[in-house]
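A.B. asks: Fold the following, please.
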Amino acid sequence: MELFARSVRDHSGKSAVADDELQLSYAELDARSDALAHRLAEIGVGREDRVAVHLYRGVDVVVAVLGVLKAGAAYLPIDTRYEGGRRDHMITAGEVRLVITEPDLAAGLPDVEVLHWRSEPVESPKVESPGPLPGPEPSDAACVLYTSGSTGQPKAIVLEHRQMVAFALNPALPEMSPEDRTAQVASISFDPANFEIWCTLAAGAELVVLPSIPELLDGDIQRELKRRRITVMLAPAIAINHAVKVDRDSFAPLRVLHSGGDVLLPSTCRDLLASKFGGRLFNLYGPAETTTACTVFEVTEVPEDLESVPIGRALEGYHLYVLDPDFKPVPHGEPGELWVGGAGVSRGYLNRPDLTAERFVPDPFAADGGAMYRTGDRVRWNDGVLEYLGRFDTQVKIRGYRVEPGEVERALCANPDVREAAVIATGEPGEKRLVAFLVPAVESLSLKELRADLNRRVADFLVPSEFIVLPAMPTDAHGKRDWDDLGHTASSRLRQRPDHVAPRTETERYLAELWERLLIVEHVGVNDDFFVLGGHSLLAVRLRSLVRKELKVTLRPRAVFEHSVLGELAELVDRTREGAMVS
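C.D. replies: All right, here's what the predicted structure looks like:
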């Protein structure tokens, strides 16, 4: 809180945060968050309490998290798109003391105290001072973030104030100035929001709330960035990969572009460096357990033989160890597992001492002790920088989110119509998709109803692109589940479409060729479904963008979801020639 107080002191009249409806100066943001903090203190909220922030995107989210921190508590952010089981689990397992929300979001919440709240202007000067706030200590919990769990249950990472400060002020990151305007595009439940909010406010810069990444990709990114005069942005690598394929000048207005969360493709970097983007490009890496990022690499050139973009060197105060199974450093150039120690390593997992002890161990290499975190990532040193080589466990990245297939399997098996489920990830790095294999518990399993039920249980990025029904799970000679067989089934599935009908019209042929490029499949037919072939929301955005750009036809955002069969979508496109907006 001292960092924010310094920015308030030095930049009181300057804009701190803005959305399309509201703009607050540092002084106004300070006053509104103070008012909320005092209200929370009156309710009894204090140190180490967890307060869920369940609000629509906008300025009020920033006011709320600041208010919670000023009250000495930790905020637990919940994306408003999370429904049912996932949201409720976060509240109950997180032992939330209070939920800050809005009336229309409160329906169906678990049995927990709720504060219906919207920030209001604070009159100045104050007639009566409500007294000093307790304020946090450096070792107090600041934020509790949920990530996918290896046991099939999401787990909560506890970040302390000292770790957030070590990241927000890290000199290894490019310096921000009070003149910068940072795009706030990440979900509040996703750890890049820590960079957006805290690095910006610590620098006295302005945080500008934009549409979420999927919505931003659905429009003209360059125009939106230019309209809001954005200079700094952290975007998921997969979003950058997608955007640059559609328009390589998408990020031209920026001074600094950070990539994170997934594999940044060398081809994307080449296109960016050859585009109108004249800023600096950085590749960040780091699990949420290390407070958003622990390494950074500035991309200044991309040799033709470069196979992967390095993840770089340690942020200041962080320690990187590439170890073998016996905890011994591997020789330079040899692959090993990455362990991270130092200032940004989090406290561990909330109420999970077993898992914390497994992933966070005493750092034997550090003179001052502390813990080091086992990332599960396979890396190697190459010319003084780290190269990412993949995962040692089953965890994968889907659209920039960390996903444990076990969590999806557990959610599928919670449906009484499913006897057994297995989930795997297929596709190239940066284009991974989930495929679910199901053994039904009923004679007729409705995949449409199953997908709808799963959407209520988990976040959208956890919903598989394809569901394959099997009479029984394949097993190997040892009676264990045959994952190789499932992988072969998934890869050959696209070649086994008995109702295949070749494209007949010019529009169908255009869409079929477009789908083949986007989905990396062959022989797309009239009866094929975009999402069954592996499509997802970001690819649907790119599809709409390309149709708008190449055919001059504008489809509304839900069009691909409601007309996902190629023949139906082709008819829709033909009906809306000349760029008319469909209803």
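
A.B. asks: thinking L145 is in contact with S189, fair?
C.D. replies: Yes. At 7.0 Å, L145 counts as touching S189 under the criterion of CB atoms under 8 Å. Yep, even glycine has a C-beta here, placed from its N, CA and C like the rest.

A.B. asks: Which residues are in contact with each of these two?
C.D. replies: In terms of CB atoms under 8 Å, 6 or more residues apart in numbering, L145 and S189 are both contacted by the residues P77.

A.B. asks: Can you show me the helices along the stretch 51-200 of the chain?
C.D. replies: In the stretch 51-200 of the chain, the helices defined using DSSP state H, counting those that start in this stretch lie at 59-70, 84-93, 161-168, 192-194, 200-202.

A.B. asks: most tightly surrounded among the ones you listed?
C.D. replies: helix 59-70 (a mean of 26; mean count of other CB atoms under 10 Å).

A.B. asks: With only the CA atoms kept, save it in PDB.
C.D. replies: Written as PDB, here are the backbone C-alpha positions of helix 59-70 (Å, rounded to 0.1, in the frame of the first residue of the first chain):
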ATOM      1  CA  VAL A  59     -13.100   0.900 -12.600                       C
ATOM      2  CA  ASP A  60     -15.000  -0.600  -9.600                       C
ATOM      3  CA  VAL A  61     -12.900  -3.700  -9.700                       C
ATOM      4  CA  VAL A  62      -9.800  -1.700  -9.100                       C
ATOM      5  CA  VAL A  63     -11.500   0.300  -6.300                       C
ATOM      6  CA  ALA A  64     -12.600  -2.900  -4.700                       C
ATOM      7  CA  VAL A  65      -9.200  -4.700  -4.600                       C
ATOM      8  CA  LEU A  66      -7.600  -1.600  -3.200                       C
ATOM      9  CA  GLY A  67     -10.300  -1.300  -0.600                       C
ATOM     10  CA  VAL A  68      -9.800  -4.900   0.500                       C
ATOM     11  CA  LEU A  69      -6.000  -4.500   0.700                       C
ATOM     12  CA  LYS A  70      -6.300  -1.300   2.700                       C
END
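
A.B. asks: and the angle for it with helix 161-168?
C.D. replies: 130 degrees (axes from the mean of the first three to the mean of the last three CA atoms, to 10 degrees).

A.B. asks: For helix 59-70, report the contacting residues that lie outside it.
C.D. replies: By CB under 8 Å, 6+ apart, helix 59-70 touches 1, 4, 17-19, 21-24, 29, 32-37, 39-40, 45, 51, 53, 55, 74-75, 77, 100, 117-119, 133, 135-136, 142-143, 161, 188, 197, 207, 209.

A.B. asks: go again using 7 Å as the cut-off
C.D. replies: Helix 59-70 has contacts (CB atoms under 7 Å, 6 or more residues apart in numbering) with 1, 4, 17-19, 22, 24, 29, 32-34, 36-37, 40, 51, 53, 55, 75, 100, 118-119, 133, 136, 142, 188, 197, 207, 209.

A.B. asks: can you tell me which helix or strand G567 belongs to?
C.D. replies: helix 566-575 (DSSP states H and E).

A.B. asks: Hmm, I typed the wrong one, I wanted A452.
C.D. replies: A452 belongs to helix 447-457, assigned by DSSP H and E.

A.B. asks: can you pull the buried residues of that helix?
C.D. replies: Neighbour-count burial for helix 447-457, with 16 or more other CB atoms under 10 Å as criterion, is recorded at 450, 453-454, 457.
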